[in-house]
Each structure stands twice: as C-alpha cells, then as structure tokens.
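In: okay, sequence plus prediction incoming.
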Amino acid sequence: MKRILRFLPLLLLLPAVASGQKRLNEVGAVYGAIRSMTPEAYKEAHDKYGIRWIEAWTGNLTGGTEEQYDAWITRFNTAMKGSGLKLWSVHLPFTRKSPNDLSDNRPEWREATLKNWIEILDRATRLGKFRVVVMHPSSEAQISDVERPQRLENLREMLLRFIPLVKERYGAVVAVEDLPRGCLGNSSADFDWLAANVPGFKICYDTNHLLGEESHAFAARFAPYIVNIHVSDYDGVDERHWMPGRGIVEWPKVIDILTRSGYDGPFMYEVTPRNDPRGSAEYMRQTTDSLFSRYALYKKQSERKK
C-alpha cells in the first residue's frame, strides 16, 4: 500500500498528460496527396506510410449534377472503407467563378455563397462525420487598404450566421484560413479584428501563407484560436506548399507553440507531388518524425539556457 501511495501523485498526472495534444503527432493529409482515390492507395497511405487523417476537398461537390456528386461520394467512401483513414476536415471551395466569398461587396453574392456552402456541406455529410470546416476569408483578390475594412465587416456579418449554423447543423467548427498576397486574412491585423468581433472565431493556420510576417509569430499570437493546421514550407516570397525543411519555416518554434497551446488536431499536410517531388504520403510520416526529433533537441537546448 505504501508503494502505491508513493506513486499516486505520478498516476494522477497521467490523465492530464494523455488528454493533451492527442493528435499533434498523428499525420493527416489533404486527399490530393494520396496517389489515387482507390482502396489500395488509401490503405497503403495508412498502413505503410502512417497517415491517420484526411481532409476532403469539396470542390467536387459543387458546379455539377447530382449524378456526378453521387459518383464522387461513392468513390471517396469506397476508398476510405477499410483503409483505417478517418475524416478530420472538409475544405470549402474559393474560386471566383461561382459564389464562394462571404466578404464580397455584393450582398447577393454573399447570400449565394452561404447557400452554396450549405448545399456543399449537406452533400459532404455523406462522406462521414467531419470536425472542422475550412474556409477562405475571401477569394483570390488584391484588396486595398481602403476597401479592407468594409470587406472585413462583410465577412463578420456572414460569419455571425455561418458559424452557429455549422455548429448546429453539422456539429463542426468553422476555421478561417490565413491567406497570402492581397487576400483578406493576409496579416495578423485582419485576424486581430476578426477575433475581437466574431464570437466563436477559430483559425486554420496555414504555415506557408504569411508573407509579411514570420509564420511562427502568427501562430504564437493566435494559438488559442487554432483548431486546424495546413503543414507545408515556403520561401517567404509566395506560397509554395513544399515539404517541411525545404523553406524558411522555423518548425521547432511552430511545434512548441502548438504543443504549449494545447492544439489537439493532426499534423495535416497540404503538400502534393505537383508542388514538391517529395509531396506524397510516402514521405509524411518520416518527415513528421524528423521534425519532432528536431523539436525535442530544441527543447533540450532551451532548457540548458535557462
């Protein structure tokens, strides 16, 4: 009994340790990173390459016919069945060819976007239970400083409707992704305003989109809001979607921020062979292990300096 009591304090700590960061070291991938949407390829991604989670692109669930949607959903579900992969998130489209922008200055376009996205998500429920809905704060645009406040206000008004609707209808959280270039959401300033003015605001942190500030600095500033990440590297000039280690992202700092903040999602790669020859499921598990090894060394060095 004395021996049990002696170790009781350590045993009491175990649930707390186990409950935090359960998935940060689990690998996820956008579905385009897996070589083909087939049962064989999906099972190989899970069994051989250690992929656990997948983010589905919903561009295949809009702009077509019900027969086309049915066919794509059947293909996806057939590939997923028995693979071991689990659906984590769905990514909404952002093309300007159709209504996909809640910040647009045209009220009718914003309303059409909301309608379009709900129709897409209704179809996406047939893929399985998704936890996160990733959206862009704007379509690709060069938004001026003069126009930006109005575009942010447009987005705020629509998010006040969209966020609770997604929670109630799908049991999921909306994650607004940081963007590059002149888009809305291309800076901490935009996200400061949104976080202060939108209840329930959450973020999908894309590690290779911040062009005017350091990626890890953005993560540190908004860590409590981050519910999803898109992992890739870049050169700071433009988004590249390279495998981590090829660009300028300081990965030990990024992982440290996510760990300390309690981020509990997967290490979701948004890299494909189109962007990087190594951008396939084959390299993702070993890259993650390498990054976390670097992080462990970073932590030891930091502790020695204290």
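Out: Received it, and whenever you're ready, just let me know what you need.
In: the helix or strand where residue 70 lies: how far from the chain's middle?
Out: Assigned by DSSP states H and E, residue 70 belongs to helix 66-80. In terms of C-alpha atoms, centre = their mean, to the nearest Å, the centre of helix 66-80 is found 23 Å from the chain centre.
In: what helices or strands is the helix or strand harbouring residue 286 leaning on?
Out: For residue 286, the host element (DSSP H and E) is helix 281-305. Using 3 or more C-beta pairs under 8 Å, 6 or more residues apart in numbering; DSSP states H and E, the elements in contact with helix 281-305 are strand 27-30, strand 51-57, helix 251-261. Where C-beta positions appear, they are placed from N, C-alpha and C, glycine not excepted.
In: ok, now which ones touch the nearest residue to residue 102 once chain neighbours are set aside?
Out: Sequence neighbours aside, residue 158 is the residue nearest to residue 102 in space, at 3.9 Å (criterion: C-beta to C-beta, 6 or more residues apart in numbering). By C-beta atoms under 8 Å, 6 or more residues apart in numbering, the contact set of residue 158 is 102, 103, 110, 113, 114.
In: how about JSON lines for these, with neighbour count added?
Out: Output for the contacts of residue 158, formatted as JSON lines (neighbours: other C-beta atoms under 10 Å):
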{"residue": "102", "neighbour count": "28"}
{"residue": "103", "neighbour count": "28"}
{"residue": "110", "neighbour count": "20"}
{"residue": "113", "neighbour count": "25"}
{"residue": "114", "neighbour count": "16"}
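In: need the max-distance pair from those.
Out: The span of the contacts of residue 158, defined through C-beta to C-beta, is set by 103 and 114 at 12.0 Å.
In: please tell me how far residue 216 sits from residue 52.
Out: The gap separating residue 216 from residue 52 is 24 Å, by C-beta to C-beta, to the nearest Å.
In: again with residue 86
Out: 7 Å.
In: what segments of this protein are helices?
Out: 2-19, 39-47, 66-80, 107-124, 148-170, 188-197, 215-222, 251-261, 281-305 (DSSP state H).
In: poorly predicted segments of the stretch 1-150 of the chain, please.
Out: 1-21 (pLDDT under 70).
In: how about 90 then?
Out: 1-22, 31 (pLDDT under 90).
In: count the residues that sit near residue 302.
Out: Residues lying near residue 302 (other C-beta atoms under 10 Å) number 11.
In: now do the one 4 residues further on
Out: The burial metric for residue 306, expressed as a neighbour count using other C-beta under 10 Å, is 4.
In: surely residue 263 meets residue 25?
Out: No - look at residue 263 against residue 25 with C-beta atoms under 8 Å: they stay out of range, at 11.2 Å.
In: tell me the contacts of residue 175?
Out: Residues near residue 175 by C-beta under 8 Å, 6+ apart: 89, 132, 133, 134, 135, 202, 203, 204, 227, 228.
In: could you dump the residues you listed into JSON lines with neighbour count and distance to residue 284 added?
Out: Putting these into JSON lines (neighbours: other C-beta atoms under 10 Å; distance: C-beta to C-beta, whole Å) gives the following:
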{"residue": "89", "neighbour count": "25", "distance to residue 284": "16"}
{"residue": "132", "neighbour count": "21", "distance to residue 284": "19"}
{"residue": "133", "neighbour count": "27", "distance to residue 284": "23"}
{"residue": "134", "neighbour count": "26", "distance to residue 284": "19"}
{"residue": "135", "neighbour count": "24", "distance to residue 284": "24"}
{"residue": "202", "neighbour count": "19", "distance to residue 284": "24"}
{"residue": "203", "neighbour count": "25", "distance to residue 284": "22"}
{"residue": "204", "neighbour count": "28", "distance to residue 284": "18"}
{"residue": "227", "neighbour count": "20", "distance to residue 284": "21"}
{"residue": "228", "neighbour count": "26", "distance to residue 284": "16"}
